[in-house]
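[1] fold the stuff below for me.
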Amino acid sequence: MSLSCGLVGLSSAGKTVIFRAITAARVVSCSGSGMNRLVINVLDKRLDRLAAMYRPRKVVPATLEIVDIPGLRARPQSNGNGFRLLGHVKNVDALLHVVRCFEDSNVAFEYDTIDPMRDVETVDLELMAADLATLENRIHSLAKKVRAGDKDAICQTADCEKVRAGIDRGIPARKQDLTARELASIRDCNLVSLKPVLYVGNIKTVRDADTRHVAALKRIADDEHTEMLLVCGKDEADIADLPPDEQADFMRELGLSRSSMERLTLAAYQLLGFVTFFTTGEDEVRAWTCHRGDKAAVAAGKIHSDMEKGFIRMEVIRYDDLVELGSEAAVAKAGRQRVESRDYEVQDGDTVCVLFNRRG
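    Numbering: from 1, shown residues only. Presented below is the predicted three-dimensional model:
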């Protein structure tokens with residue numbers, strides 16, 4: 001499974017600069033009704049180390065899809081453009097909400113002042129407005145079955161109406177503490193205000209990291225029990241344009257040990273509960289992604305659906321053990337290779353070999 005994130009935020013909050021910093025894509029800006037979309041490789045030093053050990057014919061990293069839509073306006077968009085723009089991020093796993101956290105009168109912005117709380121609420125209102133239209137369409141589509149007495153349709157309609165009522169009170173779907181049944185009822189709606197949010201504070205320099213604006217955004221993230229990431233947007237975008245062998249020195253000058261893409265990936269994986277596991281061999285070394293808590297058979301299905309259907313067992317070696325001892329044979333000799341059943345929960349950094357019945 002590939003991680004997909006959508007960049008949202010007010011116009012001139014710095015989304016496109018953040019997009020450049022994350023992806024090293026040389027885009028200028030989104031068009032008024034279009035978007036930027038790019039799939040990038042997830043940097044993982046463990047994959048590099050495994051590739052050096054096995055020297056495979058092919059190395060396949062995990063991927064991250066970033067969708068950058070034009071900035072949302074602070075004033076209602078009566079032409080419905082906001083709804084159309086948000087349609088581009090209905091299928092992403094999480095939203096990266098870019099919030100401006102620096103003051104500079106020479107850089108245009110939607111407002112005359114900087115106020116992260118106001119800006120977050122403004123974008124949330126736009127998300128909820130789009131969701132209201134989606135929910136109303138869903139309720140309308142279920143109406144015929146409801147009149148016919150279909151119990152499932154009646155239940156789904158009631159759940160949709162409950163979520164709609166919460167949104168009418170100004171509560172995004174992600175803050176409504178929905179039950180598993182309610183979430184199932186609205187799953188097909190792909191509500192944008194239900195998606196997990198990772199806040200990205202766009203700061204001008206590292207000196208802005210301790211300002212009241214950053215503190216305000218941190219409080220918002222803490223209240224939502226989510227992640228916040230700071231990016232020196234312009235500086236890190238310029239660094240991302242440099243050749244890889246020149247980037248480290250400039251990052252050190254900014255006091256950064258990891259690129260914005262690495263920091264964002266770690267934060268997004270933490271937010272969504274993703275873990276990375278590996279398959280290794282002379283033909284291919286590859287990184288795979290699954291949810292924390294996924295059982296061995298489910299994780300095997302990420303590699304190929306036949307592996308989940310015909311799962312027999314999974315041979316597991318911890319990445320640290322493999323690196324420490326230098327080979328699979330050495331790990332097995334030391335008694336550190338394990339054989340796990342289908343109920344084993346795959347851990348971050350596991351290197352695995354799946355045995356399965358090809359006939360399912």
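[2] look up how far residue 163 lies from residue 11.
    Using C-beta to C-beta, to the nearest Å, residue 11 is found at 28 Å from residue 163. Heads up, the C-betas are built off the backbone N, CA and C, glycines and all.
[3] who has more neighbours, those two?
    residue 163 (25 against 15; other C-beta atoms under 10 Å).
[4] which residues touch that one?
    Residues in contact with residue 163 (C-beta atoms under 8 Å, 6 or more residues apart in numbering) are 131, 135, 173, 176, 178, 182, 186, 191.
[5] if we use 7 Å, what do you get?
    Residues in contact with residue 163 (C-beta atoms under 7 Å, 6 or more residues apart in numbering) are 135, 173, 176, 186.
[6] helix or strand: which one has it?
    helix 151-168 (DSSP states H and E).
[7] next secondary structure after that helix?
    Counting by DSSP H and E, the element after helix 151-168 in chain order, helix or strand, is helix 180-186.
[8] select the longest helix from this protein.
    Longest helix in the chain by number of residues (criterion: DSSP state H): helix 116-147.
[9] and of the contacts of residue 163, the nearest to residue 209?
    Comparing those against residue 209 with C-beta to C-beta places residue 173 closest, at 31.3 Å.
[10] output stretch 332-345 in CSV with nothing but the alpha carbons.
    In CSV, the C-alpha atoms belonging to stretch 332-345 read as follows (Å, rounded to 0.1, in the frame of the first residue of the first chain):
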residue,chain,number,x,y,z
ALA,A,332,19.5,-18.5,11.8
LYS,A,333,22.6,-20.0,13.5
ALA,A,334,22.2,-17.6,16.4
GLY,A,335,18.6,-18.7,16.8
ARG,A,336,17.2,-15.3,16.1
GLN,A,337,15.1,-16.2,13.0
ARG,A,338,11.5,-16.9,13.9
VAL,A,339,8.7,-18.8,12.3
GLU,A,340,5.3,-17.0,12.8
SER,A,341,1.7,-18.0,12.2
ARG,A,342,-1.0,-16.0,10.5
ASP,A,343,-1.9,-14.2,13.8
TYR,A,344,1.6,-12.6,14.3
GLU,A,345,1.5,-8.8,14.2
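[11] chain center to it, what's the gap?
    In terms of C-alpha atoms, centre = their mean, to the nearest Å, the centre of stretch 332-345 is found 30 Å from the chain centre.
[12] show the average pLDDT along it.
    For stretch 332-345, mean pLDDT rounds to 96.
[13] show residues contacting it.
    Residues contacting stretch 332-345 (C-beta under 7 Å, 6+ apart): 293-297, 311, 313-317, 321, 325, 331.
[14] is it possible to get a markdown table of those residues that adds neighbour count, secondary structure and distance to residue 357?
    Shown next, in a markdown table, are the contacts of stretch 332-345 (neighbours: other C-beta atoms under 10 Å; DSSP: H, G, I helix; E, B strand; the rest coil; distance: C-beta to C-beta, whole Å):
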| residue | neighbour count | secondary structure | distance to residue 357 |
| --- | --- | --- | --- |
| 293 | 10 | coil | 25 |
| 294 | 21 | coil | 20 |
| 295 | 19 | strand | 17 |
| 296 | 25 | helix | 15 |
| 297 | 22 | helix | 12 |
| 311 | 22 | strand | 8 |
| 313 | 17 | strand | 11 |
| 314 | 25 | strand | 14 |
| 315 | 15 | strand | 16 |
| 316 | 21 | strand | 19 |
| 317 | 21 | strand | 23 |
| 321 | 18 | helix | 28 |
| 325 | 16 | helix | 31 |
| 331 | 20 | helix | 26 |
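[15] okay, stretch 12-27 in CSV with CA atoms only?
    Written as CSV, here are the backbone C-alpha positions of stretch 12-27 (Å, rounded to 0.1, in the frame of the first residue of the first chain):
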residue,chain,number,x,y,z
SER,A,12,-0.6,32.1,0.2
ALA,A,13,0.0,30.0,3.3
GLY,A,14,3.0,28.5,1.5
LYS,A,15,1.6,25.1,0.2
THR,A,16,3.4,25.1,-3.0
VAL,A,17,6.7,26.0,-1.4
ILE,A,18,6.1,23.1,1.0
PHE,A,19,5.3,20.9,-1.9
ARG,A,20,8.6,21.8,-3.5
ALA,A,21,10.5,21.3,-0.2
ILE,A,22,9.0,17.8,0.2
THR,A,23,9.2,16.6,-3.4
ALA,A,24,12.0,18.7,-5.0
ALA,A,25,9.6,19.3,-7.8
ARG,A,26,10.2,22.6,-9.6
VAL,A,27,6.6,23.8,-9.7
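[16] where do the strands sit along the stretch 201-350 of the chain?
    Counting by DSSP state E, counting those that start in this stretch, the stretch 201-350 of the chain has strands at residues 228-232, 274-279, 284-291, 311-318, 338-340, 350-356.
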